[in-house]
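Colleague: for reference, the sequence and a predicted model appear below.
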Amino acid sequence: MVETSRILTVNLLSPILLTQALPPVMSVRARIVLIGSTSGLDQIRTPEMACNASKAGLRGAAQAVARACPMVGVTLINPGDVATDEVIAAKADGRMAAGDTIPVADMLQATDFALAMSPAIRFSEINILPTGG
């Protein structure tokens, strides 16, 4: 139960609370970039119930913010497994399924891309999947 609460707090509640705190300090035509996961997409077949639910919830929250604040660009980046030290170790020792990972540099480029778009551009999601899996 404690782990489930932690996952929901980190993946869903914290981004919602941070986003709610932003409007007073944001300028018109601001952009919010949230990091979700392919775990939050429809028809995902992984067994991590709390993680999948929290990322699907974040997807819904991003959509709600975009509707509530039409002058703010909201983009959700949904990567597959990102090649962090933790993910690489978990794949090596069997705690995570084997498979290709997304280089951290590619995540940084996707974030930079989302932030660099002019206010005239609106896009809601970027899904990033490794080529091999």
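Modeller: In hand now; what should we look at? As the structure is a prediction and not an experimental result, all values here were calculated from the model.

Colleague: now for the helix or strand of the chain at the bottom of the mean pLDDT ranking, which elements pack on it?
Modeller: Using mean pLDDT, DSSP states H and E, the weakest-scoring helix or strand in the chain turns out to be helix 14-21, at a mean of 85. If you count contacts as 3 or more CB pairs under 8 Å, 6 or more residues apart in numbering; DSSP states H and E, helix 14-21 packs onto strand 31-35, helix 49-68. All C-beta atoms are positioned from the backbone trio N, CA, C, and that covers glycine.

Colleague: what's the distance between the last one and the middle of its chain?
Modeller: Using CA atoms, centre = their mean, to the nearest Å, the mean C-alpha position of helix 49-68 is found 9 Å from that of the whole chain.

Colleague: pairing partners for the strand ranked longest in the chain, with directions?
Modeller: For the chain, the strand with the greatest residue count under DSSP state E is strand 73-79. Strand 73-79 sits in its sheet next to strand 31-35 (parallel), strand 125-128 (parallel), going by DSSP bridges.

Colleague: can you tell which of those is closest to Q43?
Modeller: Nearest to Q43, of all those, is strand 125-128, at 12.6 Å by CB to CB.

Colleague: buried residues of that closest one, list them for me.
Modeller: 125-126, 128 (16 or more other CB atoms under 10 Å).

Colleague: just give me the closest of those residues to G94.
Modeller: Taking those together and measuring to G94 by CB to CB, the closest member is I128, at 24.2 Å.

Colleague: list the contacts for that closest one?
Modeller: With contact taken as CB atoms under 8 Å, 6 or more residues apart in numbering, I128 is in contact with 38, 77-80, 102, 106-107, 110.

Colleague: pLDDT value on it, please?
Modeller: On pLDDT, I128 comes in at 94.

Colleague: gap between the residue in the chain sticking out farthest from the centre and G132?
Modeller: Computed with CA atoms, centre = their mean, the residue of the chain farthest from its C-alpha average is D93, at 25.1 Å. Distance of D93 to G132, given as CB to CB, to the nearest Å: 20 Å.
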